[in-house]
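**Student:** sequence plus the predicted model coming up.
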Amino acid sequence: MPHVLLIARRAVGHLGYVSAVRVVSVDGVHSVQQWPPVETQPPQVHPKAPEQGAELTSHYSECFGCGEDQPGGLHMSSTIGAGHVVHSSFTVSAEHQGAPGLAHGGLLSCAFDEALGTVVGQLLRKPAVTGKLETDFRRPVPVGSTLHITAELDGTAGRKVYASARGHLGAPDGPVAVEARALFVVVDLEHFTEHGDQDALKKLRDSAREPERTDRWDINP
Ligand SMILES: CCCCCCCCCCCCCCCC(=O)SCCNC(=O)CCNC(=O)[C@H](O)C(C)(C)COP(=O)(O)OP(=O)(O)OC[C@H]1O[C@@H](n2cnc3c(N)ncnc32)[C@H](O)[C@@H]1OP(=O)(O)O
């Protein structure tokens, strides 16, 4: 049975704007989900958010998702798209295998966490962490292939930020192989200073001050 995905969005007056109902039919298995699961407000893109077409640099060189100093990491790259969207790509290498020659599902979820975290962090420019991540694996993703992921902001409700993403196999308009939805929760910077590694945070602060960086974190936006 063909895969059918219907997304209906409707304005709900001053209370919020996004209410999506997804009806998914795959091989006779039907599920109905509302996304986002609560009423939300339109995302407020930060005035200093990078502009459409901007190629994003790694937010932290040791990040498993995008860091250049992380051997075996996903080495993802991202650009800002039109609207509340980020385009990311992930090329699956032998380090990312689960079954022989196929990407490990957990790493695919990781790629989506990265893409979703990027759209949240870069467009809202608020520190936020993943609270919940849900992934649908639609097709196997072979080693050597590139997943083209489009992640978008779906809405906010207080500190809660809802985002979703689709990964197309081989080309931006290739077949959908993976989809994901996530809740991010905006946190204070103390989340990182209290629970993170002080030396690593200092390294991040120092690199953000480098004059050639045009994407410096705005600690007090
Ligand atoms: C600054 C400029 C940036 C510049 C550019 C940056 C680019 C940046 C790119 C990043 C790219 C990497 C992206 C990777 C991102 C990670 O992978 S982050 C690592 C994985 N996540 C974590 O470690 C988070 C661990 N969890 C926690 O610390 C805490 O549970 C949380 C999530 C902060 C929430 O705790 P809390 O602050 O005490 O808040 P809490 O009241 O429990 O929850 C807040 C709301 O969220 C709801 N909620 C929380 N968790 C859940 C859940 N699992 N299910 C449903 N609802 C939930 C609560 O019910 C509550 O709802 P309301 O009552 O408000 O309606």
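**Tutor:** Good, I have the coordinates. Residues are numbered from 1 along each chain as shown.
**Student:** going by C-alpha atoms from here, please, whenever you check contacts or count neighbours.
**Tutor:** Fine.
**Student:** what's around the nearest residue to Lys160 once chain neighbours are set aside, how many residues?
**Tutor:** Counting by C-alpha to C-alpha, 6 or more residues apart in numbering, Lys160 lies nearest to Val185, which is 4.8 Å off, once chain neighbours are set aside. Residues lying near Val185 (other C-alpha atoms under 10 Å) number 21.
**Student:** pull up the residues of this structure that are close to the ligand.
**Tutor:** By C-alpha under 6 Å from any ligand atom, the residues of the chain that approach the ligand are 59, 113-114, 117-118, 121-122, 125-127, 129-132, 160, 185, 187, 217-218.
**Student:** among these, name the ones in strands.
**Tutor:** If you go by DSSP state E, the residues of the chain next to the ligand have Val129, Thr130, Gly131, Lys132, Lys160, Val185 in strands.
**Student:** hang on, the second one packs against Asp113?
**Tutor:** Yes - with the criterion set as C-alpha atoms under 8 Å, Thr130 and Asp113 qualify as a contacting pair; they are 7.5 Å apart.
**Student:** the more surrounded of the two?
**Tutor:** Using other C-alpha under 10 Å as the criterion, Thr130 and Asp113 rank with Asp113 on top: 25 against 18.
**Student:** quick one: low-confidence parts of this protein?
**Tutor:** 1-32, 209-221 (pLDDT under 70).
**Student:** try it again with 90
**Tutor:** For the chain, applying pLDDT under 90 flags the ranges 1-33, 72, 83-84, 198-221.
**Student:** how about the strands of it, start to end?
**Tutor:** In the chain, the segments counted as strands under DSSP E are 4-8, 18-26, 29-40, 55-56, 77-80, 85-91, 128-137, 146-157, 160-169, 176-186.
**Student:** and of those strands, who's closest to Asp69?
**Tutor:** Distance to Asp69, taken as C-alpha to C-alpha, is lowest for strand 77-80 among the strands of the chain, at 13.8 Å.
**Student:** show me what counts as buried in stretch 70-78.
**Tutor:** Within stretch 70-78, the residues scored as buried using 16 or more other C-alpha atoms under 10 Å are Gly73, Leu74, His75, Met76, Ser77, Ser78.
**Student:** show residues contacting that stretch.
**Tutor:** Applying C-alpha atoms under 8 Å, 6 or more residues apart in numbering, the external contacts of stretch 70-78 come out as 55-58, 61-68, 86-92, 95-96, 111, 115.
**Student:** let's go with 10 Å and repeat that
**Tutor:** The contact list for stretch 70-78 (C-alpha atoms under 10 Å, 6 or more residues apart in numbering) reads 53-58, 60-69, 86-96, 107-108, 110-111, 114-115, 118-119, 147-150.
**Student:** so what's Ala82 closest to, chain neighbours aside?
**Tutor:** Gln52 (5.8 Å).
**Student:** what's the burial count for that neighbour?
**Tutor:** Gln52, neighbours per other C-alpha under 10 Å, totals 14.
**Student:** how close does it sit to Val120?
**Tutor:** Distance, Gln52 to Val120, by C-alpha to C-alpha, to the nearest Å: 15 Å.
**Student:** so who does the nearest residue to Asp136 once chain neighbours are set aside touch?
**Tutor:** Computed as C-alpha to C-alpha, 6+ apart, the closest residue to Asp136 that is not its neighbour in sequence is Glu179, at 5.1 Å. If a contact means C-alpha under 10 Å, 6+ apart, then Glu179 has 108-109, 112, 134-138, 149-151, 164-168 as its contacts.
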